[in-house]
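Student: Show me the folded form of this:
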Amino acid sequence: QVQLVESGGGLVQAGDSLRLSCAASGRTFSTYVMGWFRQAPGKEREFVAARGWSATSAFYGDSVKGRFTISRDNARITVYLQMNSLKPEDTAVYYCAARALYSRDWREYDYWGQGTQVTVSS
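Tutor: The predicted model follows:
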């Protein structure tokens, strides 16, 4: 069983940076793939980033590649999403999620946090 709690959202201006955190509980956390997704009003949930347990296995959505970085601290049982050069179109509720294998499809993730709002003003 994995439980996830996101934090770090807020209101920022275009060009600013923000770091989201996702604290996980569950003794098998280190074996899970951790993903970040986002959902804007009226839009489908979108893949942002995912990272497996090995340091080289990180994947990003096209819209955030080069601006966002996913990292994880297995000792602190936390996954982070560093967001740089934020744009108004990044405005959404951001969710962290976990599953056993890598996927970009939100429907395949087993565990979800409650979400944290990120709003980017122009």
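
Student: contacts, neighbours, all on C-alpha from now
Tutor: Fine.

Student: shaky segments in the chain?
Tutor: Along the chain, the model assigns pLDDT under 70 to residues 27, 54-55.

Student: Show me where it has its strands.
Tutor: For the chain, strands defined by DSSP state E occupy the ranges 3-7, 10-13, 18-25, 33-39, 46-51, 58-60, 68-73, 78-83, 92-99, 111-112, 116-121.

Student: tell me the centre residue of the chain?
Tutor: Trp36 (2.4 Å; CA atoms, centre = their mean).

Student: OK, contacts around Gln39?
Tutor: Counting by CA atoms under 8 Å, 6 or more residues apart in numbering, Gln39 touches Arg45, Glu46, Ala92, Val93, Tyr94.

Student: Now do the spatially closest residue to it that is not a sequence neighbour against Asp105, distance only.
Tutor: Distance criterion CA to CA, 6 or more residues apart in numbering; nearest residue to Gln39, sequence neighbours excluded, is Arg45 at 4.5 Å. Per CA to CA, to the nearest Å, Arg45 is found 9 Å from Asp105.

Student: Same drill for the two, tell me which one is more crowded.
Tutor: The neighbour count for Arg45 versus Asp105, taken as other CA atoms under 10 Å, is higher for Arg45 (18 against 12).
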